[in-house]
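Colleague: turn this into a structure:
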Amino acid sequence: MVTFAMETDSSLLSTELDQQDELYQQLLLQSLGEMRSSGGPDSKPIRPQPGVCVKTLSMPDKQKVFINICQSPALPAPPPLSREELMELLESDDPSRYRIPMSLGEPHTETDHNSRGCVAYDVVISDEFFQRCQKDELFQQFLIAVSLEGLENKYALELSRDWKLLKNRKFLGSLVEQNIRTKSKPVIQELQPEETSSSLKHARRPDFRLLVEPAVVHPEYLIAEIRLPGVTSARSLVLDLGEDRLVLDARPSVFHLDFFFPFLVDQESSVAQYNTNTQVLTVTMRVASS
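Modeller: Presented below is the predicted three-dimensional model:
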């Protein structure tokens with residue numbers, strides 16, 4: 001995602017529908033009913049380990065924001081990526097197609113060295129990938145860019161790209177415990193590692209919209225409708241759903257979508273259905289209770 005993300009260790013089995021729209025809507029409503037009786041996803045708490053601390057500003061109010069980029073062996077490393085492949089990725093039209101599993105923590109209030117109030121966020125990635133970024137400045141800059149974009153997408157922020165890496169501080173404040181997924185569901189189709197970096201180069205971002213139901217401050221459901229013209233079968237789709245992020249790939253190299261939700265969702269009770277008549281993928285997700 002750059003993947004953003006999100007942890008993206010959970011996948012949904014997509015259902016191919018050949019019936020007319022009326023039957024499709026009936027099945028969707030039936031799925032909504034089944035979701036109400038489903039339990040929450042399995043997860044486990046992790047305590048992030050210190051990494052690096054980045055200082056930037058929120059826009060347009062120019063308030064200090066600190067990003068603690070932390071590490072943990074509990075998160076998976078992204079697919080292997082050489083320095084040459086990273087340079088090609090950064091020069092491409094959509095560098096966000098490369099996915100980095102990450103957990104984006106809630107904002108917490110801290111004080112800076114002048115005892116002034118500020119906001120800090122904890123971003124947790126694989127300790128293996130963190131060490132890779134520490135050895136190469138290009139990878140480190142890439143990781144920081146991905147972290148900024150992920151926080152912006154998740155929390156509807158605008159952060160300055162004029163950031164500063166604090167040399168004598170590994171984190172600001174106290175690192176907050178986070179929950180990550182421990183149970184995965186089967187994927188639609190597994191991408192081979194050698195295909196990941198090359199086959200997505202020509203993928204396009206599909207048109208989509210995110211609906212809330214009911215339309216209130218704290219909705220019960222999020223419904224993503226993704227248009228995939230030319231995709232004739234659900235078997236070509238790879239859908240990864242995290243608690244705050246959706247990543248979709250349509251093979252071969254047709255579409256790639258990666259975005260964050262404004263709410264946490266219950267992955268285990270989510271339902272994905274592909275209508276081959278309208279060529280629209282609908283992902284219905286129950287908003288997790290706070």
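
Colleague: from here on, just use CA atoms for contacts and neighbour counts.
Modeller: Fine.

Colleague: extract the C-alpha trace of stretch 75-82 and format it as PDB.
Modeller: In PDB, the C-alpha atoms belonging to stretch 75-82 read as follows (Å, rounded to 0.1, in the frame of the first residue of the first chain):
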ATOM      1  CA  LEU A  75       3.600  -8.100  12.400                       C
ATOM      2  CA  PRO A  76       4.500  -9.800   9.100                       C
ATOM      3  CA  ALA A  77       7.200  -8.300   6.800                       C
ATOM      4  CA  PRO A  78       6.100  -7.000   3.400                       C
ATOM      5  CA  PRO A  79       7.200  -8.800   0.200                       C
ATOM      6  CA  PRO A  80      10.900  -8.600  -0.600                       C
ATOM      7  CA  LEU A  81      11.900  -5.500  -2.400                       C
ATOM      8  CA  SER A  82      15.300  -4.500  -3.700                       C
END
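
Colleague: which parts of it count as buried, going by neighbours?
Modeller: Going by neighbour count (16 or more other CA atoms under 10 Å), the buried part of stretch 75-82 is 75-79.

Colleague: any chance of these in TSV, plus distance to residue 116?
Modeller: Formatted as TSV, the buried residues of stretch 75-82 follow (distance: CA to CA, whole Å):
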residue	distance to residue 116
75	33
76	36
77	36
78	37
79	40
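
Colleague: just put the residues you listed in JSON lines and tack on pLDDT, secondary structure and distance to residue 241.
Modeller: Formatted as JSON lines, the buried residues of stretch 75-82 follow (pLDDT from 0 to 100; DSSP: H, G, I helix; E, B strand; the rest coil; distance: CA to CA, whole Å):
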{"residue": "75", "pLDDT": "87", "secondary structure": "coil", "distance to residue 241": "15"}
{"residue": "76", "pLDDT": "86", "secondary structure": "coil", "distance to residue 241": "15"}
{"residue": "77", "pLDDT": "88", "secondary structure": "coil", "distance to residue 241": "17"}
{"residue": "78", "pLDDT": "86", "secondary structure": "coil", "distance to residue 241": "16"}
{"residue": "79", "pLDDT": "86", "secondary structure": "coil", "distance to residue 241": "18"}
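
Colleague: state the pLDDT value of residue 248.
Modeller: Residue-level confidence at residue 248 comes out at 90, pLDDT.

Colleague: surely residue 220 is in contact with residue 211?
Modeller: No: counting by CA atoms under 8 Å, residue 220 stays clear of residue 211, with 11.0 Å between them.

Colleague: with neighbour numbers in mind, choose between those two.
Modeller: residue 220 (17 against 14; other CA atoms under 10 Å).

Colleague: for that one, which non-adjacent residue is spatially closest?
Modeller: residue 287 (5.4 Å; CA to CA, 6 or more residues apart in numbering).

Colleague: what's the burial count for the one you found?
Modeller: Count around residue 287 with other CA under 10 Å applied: 24.

Colleague: show me what it bridges to in the sheet.
Modeller: residue 265 (DSSP bridges).

Colleague: all strands for the stretch 101-250 of the chain, in order.
Modeller: Secondary structure of the stretch 101-250 of the chain (DSSP state E, counting those that start in this stretch): strands at 102-104, 108-111, 117-126, 164-166, 178-181, 208-213, 221-227, 237-241, 245-250.

Colleague: neighbouring strands for the first one, and are they parallel or not?
Modeller: For strand 102-104, the pairing partners within the sheet under DSSP bridges are strand 117-126 (antiparallel).

Colleague: now do the second one
Modeller: Each strand that pairs with strand 108-111, with its direction, by DSSP bridges: strand 117-126 (antiparallel).

Colleague: so what touches the strand it pairs with?
Modeller: 48, 63-77, 100-112, 147, 172-173, 175-176 (CA atoms under 8 Å, 6 or more residues apart in numbering).

Colleague: coming back round to it: of the strands of the stretch 101-250 of the chain, which shows the lowest average pLDDT?
Modeller: strand 178-181 (a mean of 73).

Colleague: helices and strands around that one, which ones?
Modeller: strand 43-46 (3 or more CA pairs under 8 Å, 6 or more residues apart in numbering; DSSP states H and E).
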